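[1] just need the structure, nothing else, for what follows:
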Amino acid sequence: VRAAVRMRDEMKNSGFRPIEYEKDLILDLGGVTVRGRCDRIDGMIAQDGRDFVRVVDYKHSRKLKFRLPEVYRGYNLQMLLYLFGICSEPALLGSGAREYFGGSVPAALEPSSVIYFKFASLDYGETDDPDSAAAPGGSDGAEYFNRDYFRNNSTEGLILKDSPEEEEMDRRIRDIEARYPAARASRTGSKGDEDNPRKLYSGFINSVQVTAPEFAELRGCCEALINTKVSEVLHGMAGACPSGEDACRWCRYRLFCGSNKVIAENAG
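    Residues are numbered from 1 along each chain as shown. Next comes the predicted model:
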């Protein structure tokens, strides 16, 4: 319920509108076919007439941290690949997009952002009720718990500079300031952060910003990584070399590939 209310509040003041849910995608990226399913795709018609798109992924874990260096190492590519593919082939979108954009999908869609929307339940002992004994500080107790909920489930992702998502980020910050004034008082930040809300509230909104040329370079790197991995598999180079135990949790071959032994040897 908390996640639904938070999503409603954010969309109420947003210029973006959901145009696709649970969308199956078949993408052609550098000659390699990639299949996937995107939780949500949002569209926006900017005041200057340009059409923007962003992709949203729902995450139940608070631990996710989007880091650009990890993308260049081959991690967290999924949502970026969706954005690359949709912008290259807007016709991939369906009826929801056609309805939003006035009957047909635009021939060109500009990328705005990749957003990881995190949500999780309150920890044991936390409460929304300001009159509860579990809410220290009287009426401020619920505010602090709500503040910590937003911080622990902060928005992560990648934003293109000069895209509508920049204004969306600033709008979310203004909303946090208005709803949780104690949040500002509790964050001293570094010298000069008082005049830069994006840094002051970095615990609540953690997004990497890139320019259009940097985004194009990132796409080239991701396509090169995919082509390299496909080539390795086609040439029989498919050894077990997981990045860690967590990676093995989702692998269907983990019971017999011997990766646990590889991990133990590397750790030793």
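[2] now Cys222, what's its secondary structure?
    Per DSSP: H, G, I helix; E, B strand; the rest coil, the local secondary structure of Cys222 is helix.
[3] thought Leu83 was touching it, still the case?
    No. Here Cys222 lies out of contact with Leu83, judged by Cβ atoms under 8 Å, at a distance of 10.2 Å. Placement of C-beta: from N, CA and C, glycine included.
[4] quick one: which of these two has more around it?
    Neighbours were counted for Cys222 and for Leu83 using other Cβ atoms under 10 Å; Leu83 has more, 23 against 19.
[5] for the more buried one, grab phi and psi.
    phi -70, psi -40 (degrees, to the nearest 10).
[6] now it: how far from Met237?
    Distance from Leu83 to Met237, counting by Cβ to Cβ, to the nearest Å: 29 Å.
[7] by mean pLDDT, which helix or strand of this protein comes out lowest?
    Within the chain, no helix or strand scores below helix 259-267, which has a mean of 53 by mean pLDDT, DSSP states H and E.
[8] would you mind measuring from the nearest residue to Tyr72 once chain neighbours are set aside to Ile173?
    Excluding the flanking residues, the one nearest Tyr72 by Cβ to Cβ, 6 or more residues apart in numbering is Cys221, at 5.9 Å. Distance, Cys221 to Ile173, using Cβ to Cβ: 30 Å.
[9] cool, Pro90 as well?
    Separation of Pro90 from Ile173 (Cβ to Cβ): 30 Å.
[10] more neighbours: the two, which one.
    Taking other Cβ under 10 Å, Pro90 and Ile173 do not tie; Pro90 has more neighbours (19 against 16).
[11] from Glu165, how far out is the more buried one?
    18 Å.
[12] what about the nearest residue to Glu223 once chain neighbours are set aside, how many residues nearby?
    Sequence neighbours aside, Gly30 is the residue nearest to Glu223 in space, at 3.6 Å (criterion: Cβ to Cβ, 6+ apart). Gly30 has 15 neighbours, counted by other Cβ under 10 Å.
[13] so Gly30 touches Leu225, yeah?
    No. Taking Cβ under 8 Å as the definition, Gly30 is not a contact partner of Leu225, at 9.7 Å.
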